[in-house]
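Novice: okay, sequence plus prediction incoming.
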Amino acid sequence: QVQLVESGGGSVQSGGSLRLSCAAASYSQYAMGWFRQAPGKAREGVAVIQRDGSTIYADSVKGRFTISRDNAKNTVYLQMNSLKPEDTAMYYCAAGPPTICSLASSLYKDWGQGTQVTVSS
């Protein structure tokens, strides 16, 4: 089991930026993803980065969000720019098998506790 700890959430105005961080022990062999869940909605995949650095993004965040990883620090980041009110949600970091190339949350078995992102108009 991989322990994951997210940080960096907060409240910003529309158009602002935030950077989320996810610290994990022994994560280098995993694919890492960011997911979000708004009240009353299903959890959705935002971005995934594989062990080799390959990335995939949800259409709703392409061009605005960037996922990256620093293997030396065992940390995954989500840089969020041009934030919109519809980005408001609890954001979760997750780890999955290294071959994963999917935004489907059911494929990821280890999850962090989440960090809240609130974007006001």
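Specialist: Alright, I've got the coordinates.
Novice: and stretch 83-102, which residues are buried?
Specialist: Applying a neighbour-count criterion of 16 or more other Cβ atoms under 10 Å, one finds 83, 87-96, 100 buried in stretch 83-102. Heads up, the C-betas are built off the backbone N, CA and C, glycines and all.
Novice: dump the residue contacts of residue 120.
Specialist: Residue 120 makes contacts with 11-14, 85, as judged by Cβ atoms under 8 Å, 6 or more residues apart in numbering.
Novice: among the residues you listed, who's most crowded?
Specialist: Counting neighbours by other Cβ atoms under 10 Å, the top entry in the contacts of residue 120 is residue 12, with 17 neighbours.
Novice: need the contact list for that residue.
Specialist: Applying Cβ under 8 Å, 6+ apart to residue 12 gives the contacts 18, 83, 117-120.
Novice: and these, which is closest to residue 44?
Specialist: Residue 44 lies nearest to residue 117 out of the contacts of residue 12, by Cβ to Cβ, at 13.4 Å.
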